[in-house]
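In: have a look; sequence and predicted model below, questions after that.
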Amino acid sequence: MISAREKGFFQILIFFQIVGLSLVYWISFSLVLYVYHGEVPNSVPYFKYWIVALIALIFEALTRPGWMRPVAVRRKRISAQISRRQWIWLFACIALLLVYSRDLRISRAFLTFFLGMSLVYLYFANQYMVRWFIEISTKRFSRLRLRTVLLGPQDWCDSILREIQSINTMVNIAQVVRTDELEEKSHELLQMLRGISIDLLVMPPRHLPNELVISLLKLGDNQGFRCWLPLEITRTYGRRFDLQRVGRLDVLSPPVEPLENTSNQLIKRGLDIGFSMLVIALIFPWLCLFVMLLHGLFSPGPLFFKQSRIGMNGMPFMVYKFRSLHPNNEAEAKQVCRGDNRVFKGGGFLRKSSIDEFPQFLNVFLGEMSVVGPRPHMEKHDSEFREIFERYGVRQYVKPGVTGLAQIKGFRGEIRKPLDLRNRARLDNFYVTNWHVMLDVGIVAATGFSMLKPSKNAY
């Protein structure tokens with residue numbers, strides 16, 4: 001019910017943002033071309049750029065992950081991220097159209113001015129328009145708020161009351177019924193609820209007799225109010241759970257990750273195959289020659305280094321890398337540290353520039369890895385890391401990657417203290433639970449830049 005209203009709120013907000021962006025576009029058109037240049041251009045070519053700008057905003061909204069929806073509780077925290085994401089979509093679509101059409105009739109000064117003004121507008125809209133919508137819907141249209149009765153033991157009511165009031169402005173607590181002896185007052189309670197007009201009843205099934213819960217649910221169907229049954233496990237365990245239908249069973253399960261969707265899996269696999277084929281065909285042979293030359297000069301031996309790593313669902317596989325250590329060393333399972341004497345002269349460059357990772361595109365092509373994902377670890381390290389981070393195993397829901405979100409944020413190389421692992425695993429888990437195509441594209445682009453300017457943790 002609340003989620004449906006928030007979805008509708010989001011759709012209305014996007015509509016008004018599109019209207020506002022249209023105004024920014026045509027005002028920029030007037031200011032730059034009519035006022036600044038003092039000319040009356042043919043406006044027809046500019047219509048297609050306006051349409052593309054609107055389409056970019058619509059597609060951004062359709063592909064935006066749920067955690068970036070601008071609800072009241074996280075409006076300020078994510079407004080800049082949303083604005084940046086919308087502007088990138090806008091810039092990319094206009095740039096592609098400009099490159100593809102090669103239209104010399106379009107003023108580059110106008111496009112530059114419009115893109116600058118649109119960034120300012122989008123930030124303003126995400127920062128303040130959401131607040132205005134919330135104030136209008138909760139104050140001036142108070143009838144939209146749900147008249148709510150909170151029912152349960154006193155301690156539970158006090159704790160849940162604070163959470164509901166702080167999280168959602170669409171709920172209006174009309175009455176709180178605190179009682180710890182509901183078995184003796186069930187009849188009076190049902191009569192009281194029949195005598196008042198409410199939209200929502202919030203109650204804890206764990207603290208109430210099962211018969212009373214069923215009676216209250218039936219009463220809601222009869223009187224026309226809905227019932228909320230908060231899950232205590234989500235508050236005590238700190239995780240979200242979704243209700244799923246499996247056959248005739250209703251089961252609680254953590255939210256399904258995006259890559260559990262078969263369509264998303266096919267999209268990601270298609271991108272992996274295409275990208276890995278390009279790298280293997282165009283870049284990999286030249287790198288092989290370059291690394292062979294380094295080996296011949298400083299450390300003769302095998303071109304590749306193979307090692308067992310843990311992949312998706314905890315299954316081991318052999319990962320390929322260009323050898324950057326002296327061959328036949330006795331501590332291959334030990335992480336490389338700064339100043340490690342196992343690294344041959346020239347091997348440090350391979351590691352710092354991430355050239356040593358390129359053979360893993362063979363693993364990508366074979367389906368053992370993905371271009372983007374959590375980095376794979378050795379089985380010995382996996383066992384150790386599970387003891388450090390309680391949700392470490394979430395990263396194994398997807399294929400390991402040649403690069404990943406943690407790597408572009410600087411969390412790569414040797415893990416020297418538990419905090420290094422926790423930071424890395426948190427980013428890996430964020431990637432798993434919030435995957436989308438544009439996130440992969442952004443990580444690949446950021447990885448390319450990081451190869452030119454490696455992190456201080458790369459050695």
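Out: Nice, I can see it.
In: contacts and neighbour counts: CA atoms only from here.
Out: OK.
In: show me the strands in the stretch 251-400 of the chain, by range?
Out: 304-310, 316-322, 370-372 (DSSP state E, counting those that start in this stretch).
In: ok, of the ones you listed, where does mean pLDDT dip lowest?
Out: Lowest mean pLDDT within the strands of the stretch 251-400 of the chain: strand 304-310, at a mean of 89.
In: circling back: can you redo the strands of the stretch 251-400 of the chain as a markdown table with distance to F29 and mean neighbour count?
Out: Below are the strands of the stretch 251-400 of the chain laid out as a markdown table (distance: least, Cα to Cα, whole Å; neighbours: other Cα atoms under 10 Å):
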| stretch | distance to F29 | mean neighbour count |
| --- | --- | --- |
| strand 304-310 | 56 | 17 |
| strand 316-322 | 53 | 20 |
| strand 370-372 | 40 | 26 |
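In: nearest to L97, out of these?
Out: strand 370-372 (27.6 Å; Cα to Cα).
In: adjacent strands (with direction) for the closest one?
Out: In the sheet, strand 370-372 lines up against strand 401-403 (parallel) (DSSP bridges).
In: any residues touching the partner strand, and which ones?
Out: Contacts with strand 401-403, where a contact means Cα atoms under 8 Å, 6 or more residues apart in numbering, come from 357-358, 360-361, 369-376, 443-444, 447.
In: okay, buried residues for it please.
Out: Buried residues in strand 401-403, defined by neighbour count with 16 or more other Cα atoms under 10 Å: 401-403.
In: tell me what the residue nearest to S197 when sequence neighbours are not counted is bridged to.
Out: Nearest residue to S197 in three dimensions, chain neighbours excluded: R147, at 7.9 Å (Cα to Cα, 6 or more residues apart in numbering). Taking DSSP bridges as the rule, R147 bridges to N172.
In: swap in Q307?
Out: Taking DSSP bridges as the rule, Q307 bridges to V319.
In: my read is that it contacts P316, right?
Out: No - under the criterion of Cα atoms under 8 Å, Q307 is not in contact with P316, lying 9.9 Å apart.
In: give me the domain ranges for this structure.
Out: For the chain, automatic domain parsing gives the domain ranges 2-140, 145-255, 262-452.
In: most packed of the ones you listed?
Out: Most buried of the domains of the chain, by mean neighbour count (mean count of other Cα atoms under 10 Å): domain 262-452, with a mean of 17.
In: and that domain, how far apart are its ends?
Out: End-to-end distance for domain 262-452: 35 Å, by Cα to Cα, to the nearest Å.
In: how about stretch 128-146?
Out: Terminal residues of stretch 128-146 lie 24 Å apart, using Cα to Cα.
In: ok, stretch 273-285 next?
Out: 18 Å.
In: what do you get for stretch 308-317?
Out: 5 Å.
In: and if you look at stretch 386-395?
Out: End-to-end span of stretch 386-395 (Cα to Cα): 11 Å.
In: so which of the strands of the stretch 251-400 of the chain is nearest W286?
Out: strand 316-322 (12.7 Å).
In: from the contacts of strand 401-403, which is closest to N434?
Out: Of all those, G373 has the smallest distance to N434: 11.8 Å, by Cα to Cα.
In: distance check, the residue lying closest to the closest one once chain neighbours are set aside against F365.
Out: Taking Cα to Cα, 6+ apart, and ignoring the residues beside it in sequence, G373 has G401 as its nearest neighbour in space, at 3.8 Å. Distance of G401 to F365, given as Cα to Cα: 12 Å.
In: can you check L325 too?
Out: L325 is 25 Å from F365, by Cα to Cα.
In: wait, V32 sits on T112?
Out: No - the criterion here is Cα under 8 Å, and V32 misses it with T112 at 10.2 Å.
In: so who does V171 touch?
Out: V171 touches 145-148, 164-165, counting by Cα under 8 Å, 6+ apart.
In: identify, from these, the entry nearest to I280.
Out: I164 (54.0 Å).
In: P327 against G301, yeah?
Out: Yes - using Cα under 8 Å, P327 is in contact with G301, at 6.3 Å.
In: which helix or strand contains L119?
Out: Assigned by DSSP states H and E, L119 belongs to helix 108-124.
In: quick one: list the elements packing against that helix.
Out: In terms of contacts (3 or more Cα pairs under 8 Å, 6 or more residues apart in numbering; DSSP states H and E), helix 108-124 is packed against helix 2-29, helix 75-101.
In: now the angle from the longest one to helix 108-124?
Out: Angular relation of helix 2-29 and helix 108-124 on a 0 to 180 degree scale: 150 degrees, by axes from the mean of the first three to the mean of the last three Cα atoms, to 10 degrees.
In: check which element follows helix 2-29 along the chain.
Out: helix 44-63.
In: what's the angle between that following helix and helix 2-29?
Out: Using the same axes, to 10 degrees: helix 44-63 against helix 2-29 is 160 degrees.
In: give me the contact list for helix 44-63.
Out: Under Cα under 8 Å, 6+ apart, the answer for helix 44-63 is 14, 18, 21-22, 25, 85-86, 89-90, 93-94, 97, 105-106, 436.
In: state the mean pLDDT of the strand or helix carrying L193.
Out: L193 is part of helix 182-194, with elements assigned from DSSP H and E. Average pLDDT, helix 182-194: 74.
In: then stretch 223-236?
Out: Mean predicted lDDT for stretch 223-236 stands at 79.
In: cool, and stretch 428-439?
Out: 90.
In: what is the least confident helix or strand in this protein?
Out: Here the helix or strand of the chain ranked lowest by mean pLDDT, DSSP states H and E is helix 130-135, holding a mean of 66.
In: tell me where the model's unsure across the stretch 1-150 of the chain.
Out: Applying pLDDT under 70 to the stretch 1-150 of the chain flags the ranges 1-9, 35-42, 66-77, 130-131, 133-144.
In: I meant the stretch 201-350 of the chain, not that one.
Out: 235-238, 328-340.
In: all the helices of it, in order from the start?
Out: 210-223, 232-237, 262-278, 284-298, 347-352 (DSSP state H, counting those that start in this stretch).
In: JSON lines for the ones you listed, including distance to L189?
Out: Output for those, formatted as JSON lines (distance: least, Cα to Cα, whole Å):
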{"stretch": "helix 210-223", "distance to L189": "9"}
{"stretch": "helix 232-237", "distance to L189": "23"}
{"stretch": "helix 262-278", "distance to L189": "48"}
{"stretch": "helix 284-298", "distance to L189": "74"}
{"stretch": "helix 347-352", "distance to L189": "69"}
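In: nearest to A125, of those helices?
Out: Relative to A125, the nearest member of the helices of the stretch 201-350 of the chain by Cα to Cα is helix 262-278, separated by 30.8 Å.
In: got the contact list for the nearest residue to K345 once chain neighbours are set aside?
Out: For K345, ignoring the flanking residues on the chain, the nearest one in space by Cα to Cα, 6+ apart is F298 at 6.1 Å. Contacts for F298 (Cα under 8 Å, 6+ apart) come out as 344-346.
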